[in-house]
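**Q** A predicted structure for the sequence below; I have some questions about it.
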Amino acid sequence: MNSGPALVSILRQGDTLVASVHTALDDSEMVRFQDDLIRQIGEHRARGIIIDVAALDVLDSFGSRTLRTIAEMARMRGAVTVVVGIQPEVAYAMVRLGMGMGTVATALDLEEGLAHLAELRATPRTH
Amino acid sequence: MNAQDTRHEDQREELVDGNQLLPQLVAHLREHRAKLRDEWASRIRDAHLLEAMTPQEMAAETTSVYDNYVEVLETGSVDALKHYARDLSERIIPRGVETHEVVGIVLLLRDVLARSLFEKYQRDFGLLNQVLDAYEPAANRIANTVAVSFVEERERVIRQQQDAIRELSTPVLPVRERLLILPIIGVLDSERARQLTEQLLLGIRTHRAKVVVIDITGAPDVDETVANHLVQTVDASRLMGASVIITGLSPTIAQTLVTIGVDLSKMNTIGDLQGGLEEAERLLGFKVTRKVVTEGS
């Protein structure tokens, strides 16, 4: 990792990884975040990932595509991803620009995200 | 040198004269008030203006417009006229009087008065010119003032109505814990759709909503643009973790949407608001049961 304050913190909570994005990331930082997170899924044997973007007031097309990629890669490594904390302005801008989260689950905030993962764990896996 | 000086003197005298012309002119217009006003009124009738007003109202309004007009010529201040024009506009706008009518009658009055000045000063061409020099700028300013006041008043009314519609039109109502209702009443245009979406998204955050029921029973018409706005609203809500149920699609609207080929397959639509609420309660895990009153209790 480069020096300087962490732009993203990845915390482990049971078998869930909680990644909080603190500030807008440029493209290379986004890629580094993706690599870190995917690597840590294996290290911690995580089953659920929560990406908290509440601090972001803008999410560009590369950012939202990377989040979709992360979710897809995480799924292949056996973890479910929930993106939480998308702000109203960000949500509206995203749909106006035709960007979405695809099939990635979204929730209002961290609490809701954890509840969503708990719900999934309670129901038997279909895949 | 001397000759030039005298010419300057002459010009100065003419200017003083010009300043005194206005009172003279005003006195003339006051003197022939009844005749000129009647002529004006008859020309308004001939031009089929202000037909929304009764003859009595016409007589009253023409008299006061005439008096205001002459007063402005006399004092040179349009403040009182502005006030009167706004007042008049407030009274006649609800009657459906159009801008061209208001401008038309003021221009007619200007012409009627100009004609009478022609008549009075026709023998002295130089004096007539001076009279018109004094009269025309004032008359034009009056026409301008009245037209601007009328349009301003109309814009004020329109703004007021828009504000009222805006405030009325986007209530986001919490009906149960984490359940919002958004009844859409009236025509949805792009601006309103944008506002509505913003209100809804803020509402989702404030009330931590998980389910939103959008009821469009009150929307008279749904076209492709509106349908696409709805799709955007639904997508944006989903990004914030709330699922949306759309209710109240009338048979006509359903047919229109199918005909124009809008894809609403991703949307959760339910026939009426009642059904939508029941579905929302199911999603949230609420169960509403009627309290059974047993006999004798």
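**A** Received it, and whenever you're ready, just let me know what you need. Values in this document were obtained by computation on a predicted structure and should not be read as measured data.
**Q** next one: stretch B:174-185 to chain centre, how far?
**A** Offset of stretch B:174-185 from its chain centre (CA atoms, centre = their mean, to the nearest Å): 32 Å.
**Q** contacts for that stretch, please.
**A** B:168-173, B:196, B:200, B:203-204, B:207-219, B:242, B:273, B:277, B:280-281, B:284, B:286 (CB atoms under 8 Å, 6 or more residues apart in numbering or on different chains). Placement of C-beta: from N, CA and C, glycine included.
**Q** change it to 7 Å
**A** Residues outside stretch B:174-185 that contact it (CB atoms under 7 Å, 6 or more residues apart in numbering or on different chains): B:169, B:171-173, B:196, B:200, B:203-204, B:207-216, B:218-219, B:280, B:284, B:286.
**Q** okay, buried residues for the helix or strand where B:Leu200 lies please.
**A** Using DSSP states H and E, B:Leu200 maps to helix B:190-207. For helix B:190-207, the neighbour count (16 or more other CB atoms under 10 Å in any protein chain shown) marks B:192-193, B:196-201, B:203-205, B:207 as buried.
**Q** for whichever helix or strand comes after it, output the C-alpha coordinates as CSV.
**A** Next in sequence after helix B:190-207, counting helices and strands by DSSP H and E, comes strand B:211-218. C-alpha atoms of strand B:211-218 as CSV (Å, rounded to 0.1, in the frame of the first residue of the first chain):
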residue,chain,number,x,y,z
VAL,B,211,-41.1,0.0,0.5
VAL,B,212,-42.6,2.8,-1.4
VAL,B,213,-46.1,2.7,-3.0
ILE,B,214,-46.5,5.2,-5.9
ASP,B,215,-50.1,5.6,-6.7
ILE,B,216,-50.8,7.2,-10.1
THR,B,217,-54.6,7.0,-10.0
GLY,B,218,-54.7,10.8,-10.1
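**Q** how about the residues of the stretch 101-250 of chain B that lie near chain A?
**A** B:197-198, B:201-202, B:205, B:208, B:232, B:235-236, B:238-241 (CB under 7 Å from any CB of the partner chain).
**Q** picking up where we left off before, any idea of the mean pLDDT in the helix holding B:Leu200?
**A** When pLDDT is averaged over helix B:190-207, the result is 88.
**Q** the inter-axis angle of it versus strand B:211-218?
**A** 150 degrees (axes from the mean of the first three to the mean of the last three CA atoms, to 10 degrees).
**Q** what does helix B:190-207 rub up against?
**A** Contacts for helix B:190-207 (CB under 7 Å, 6+ apart): A:88, A:91-92, B:166, B:169-170, B:172, B:174, B:178, B:180, B:182, B:184, B:209, B:212, B:225-226, B:229, B:232-233, B:236-237, B:240, B:242.
**Q** for the closest residue to chain A within the stretch 101-250 of chain B, which non-adjacent residue is closest in space?
**A** Closest residue of the stretch 101-250 of chain B to chain A, CB to the nearest CB: B:Leu201 (3.4 Å). Distance criterion CB to CB, 6 or more residues apart in numbering or on different chains; nearest residue to B:Leu201, sequence neighbours excluded, is A:Pro88 at 3.4 Å.
**Q** now do the SS call for the most centrally placed residue in chain A.
**A** Most central in chain A under CA atoms, centre = their mean is A:Ile51, positioned 2.8 Å from the mean C-alpha point. The local conformation at A:Ile51, judged by DSSP: H, G, I helix; E, B strand; the rest coil, is strand.
**Q** which residues of chain A lie near chain B?
**A** So chain A meets chain B at A:86, A:88, A:91-92, A:94-96, A:100-101, A:106-108, A:112 (CB under 7 Å from any CB).
**Q** and those residues, which two are furthest apart?
**A** Using CB to CB, those span at most 23.9 Å, a distance reached by A:Arg96 and A:Glu112.
**Q** the more surrounded of the two?
**A** A:Glu112 (21 against 13; other CB atoms under 10 Å in any protein chain shown).
**Q** check which element follows the lowest-mean-pLDDT helix or strand in chain B along the chain.
**A** Lowest by mean pLDDT, DSSP states H and E among the helices and strands of chain B is helix B:2-31, with a mean of 62. Downstream of helix B:2-31, the first helix or strand assigned by DSSP H and E is helix B:33-46.
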